[in-house]
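Student: A predicted structure for the sequence below; I have some questions about it.
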Amino acid sequence: MSRHRDPVTITPYPDGPLLVRGDAVILSPEGERIERRRRTVALCRCGLSSIKPFCDGTHRAAGFRTEEHEAPPA
């Protein structure tokens, strides 16, 4: 019997983290599995978090900004 899995979604938040929802596996650069304690996690994009790869909110104090997103062509 196969187990039903929720779809994985990754949502980039402007000037903030990547929000990962669903049954995603997160690996370290060495290929080791990183334990998730929650079903939804925020991944750091600014590079300044003290709990990488997870976001700790440091991006706010650092003034991290993402590029503006252009609207898709009509």
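Tutor: In hand now; what should we look at?
Student: Not counting sequence-adjacent ones, nearest residue to Ser28?
Tutor: Once flanking residues are discounted, Ser28 sits nearest to Ile34: 5.7 Å by C-beta to C-beta, 6 or more residues apart in numbering. Just so you know, the C-beta spots here come from the backbone N, C-alpha and C atoms, and that holds for glycine as well.
Student: Correction: the previous question concerned His59.
Tutor: Per C-beta to C-beta, 6+ apart, closest to His59 is Cys46, 4.1 Å.
Student: What of Thr40?
Tutor: The nearest residue in space to Thr40 (C-beta to C-beta, 6+ apart) is Arg21, at 4.8 Å.
Student: on that earlier part again, how many residues are close by the residue nearest to Ser28?
Tutor: Applying other C-beta atoms under 10 Å, we find 12 residues neighbouring Ile34.
Student: Would you map the helices across this structure?
Tutor: For the chain, applying DSSP state H gives helices covering 58-62.
Student: Please enumerate the strands of it.
Tutor: 9-12, 18-21, 40-43 (DSSP state E).
Student: Present those strands as JSON lines; the columns should include mean neighbour count.
Tutor: What follows is the strands of the chain, written out as JSON lines (neighbours: other C-beta atoms under 10 Å):
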{"stretch": "strand 9-12", "mean neighbour count": "12"}
{"stretch": "strand 18-21", "mean neighbour count": "16"}
{"stretch": "strand 40-43", "mean neighbour count": "17"}
